[in-house]
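In: next come a sequence and a model predicted from it.
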Amino acid sequence: MKSKALETFDHALQDSTDLLKHFDTLNTNPPPQDIEVLKRASLVMALAALETYFEDRIQEAVKAMCSNKNSDDSLVSFINQSLSTDLKLFHSPNTERVRQIFQKYLSIDISEGWKWNNVEPAKAKTKLNRLVKKRGDIAHRSLRPTTKEAQPQQHAVTRDDLRKYIHFIKQIAICTDAFLASKT
């Protein structure tokens, strides 16, 4: 069964897909000079959706874990306050940050579940880390090609890569959800 966090993620990820559709619609020959911003924004939004998914999903899992009738109310309160504090500091969902927070609260290395088709956890971790770095570079440095360059630099996000990134991000969320469902 799909978690509430995954349902919310699917809805949020649609913004990234919509931006890609707008890019395709507006991409004429020659393309408008400022159209590349749509692809960069789409990647930033897709990773924001994944970050929010991780936050929502761990809260769901911790809530389920603490709903045991025999749970000590003061312990449950401490866990929830601690998680709330940790989530305020949870930014840029690279592999290590995601792994640490799930390990801390659920004693699960969530990244072990990141496998599908020809993707193994090690490859997924490396790719997620690269995407999070690229997202940071885009969000904080723009990576917008300048017109002053003799040869314009390659765009930060190609259309085909963006389509693959969105699919990859969706698979990480789906695998995380399935892995947690099998462990909790």
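Out: That came in fine, so what should we check first?
In: from here on, contacts and neighbour counts on C-alpha atoms
Out: Fine.
In: what's around H11, how many residues?
Out: In terms of burial, H11 registers 12 neighbours under the definition other CA atoms under 10 Å.
In: identify the residues contacting the spatially most central residue of the chain.
Out: With the centre of the chain defined as its mean C-alpha position, the nearest residue by CA atoms, centre = their mean is L50, 2.4 Å away. Contact partners of L50, counting by CA atoms under 8 Å, 6 or more residues apart in numbering, are 9, 93, 169-170, 173.
In: looking at this structure, which helix is longest?
Out: Secondary structure of the chain per DSSP state H: the longest helix is helix 36-66.
In: avg pLDDT for it?
Out: The average pLDDT for helix 36-66 rounds to 93.
In: run the chain-centre distance for that helix.
Out: For helix 36-66, the separation from the chain centroid amounts to 5 Å (computed by CA atoms, centre = their mean, to the nearest Å).
In: mind listing the strands for this structure?
Out: In the chain, no segments count as strands under DSSP state E.
In: N94 against L128, yeah?
Out: Yes - taking CA atoms under 8 Å as the contact criterion, N94 and L128 are neighbours in contact, 6.3 Å apart.
In: tell me the buried residues in the longest helix of the chain?
Out: Across helix 36-66, burial judged by 16 or more other CA atoms under 10 Å covers 36-59, 61-62, 66.
In: what's the spacing between the closest residue to I166 other than its chain neighbours and P93?
Out: With CA to CA, 6 or more residues apart in numbering as the measure, A46 is the residue that lies nearest to I166, at 6.5 Å, once sequence neighbours are left out. Separation of A46 from P93 (CA to CA, to the nearest Å) stands at 12 Å.
In: swap in D177?
Out: From D177 over to P93 the distance is 16 Å, taken as CA to CA.
In: now do L19
Out: As for L19, its distance to P93 is 22 Å (criterion: CA to CA).
In: equivalent analysis for A173, please.
Out: With CA to CA as the criterion, A173 and P93 are 12 Å apart.
In: kindly report the same for L50.
Out: Separation of L50 from P93 (CA to CA) stands at 8 Å.
In: try K2
Out: In this structure, K2 lies at 21 Å from P93, with CA to CA as the measure.
In: with S84 instead?
Out: To P93, S84 is 16 Å away according to CA to CA.
In: so these two - more neighbours on which side?
Out: Higher neighbour count among S84 and P93: P93, with 21 against 14, using other CA under 10 Å.
In: per-residue confidence for the more buried one?
Out: Reading off the per-residue confidence, P93 sits at a pLDDT of 93.
In: wait, it sits on E51?
Out: Yes - here P93 reaches E51: they are 5.6 Å apart, a contact under CA under 8 Å.
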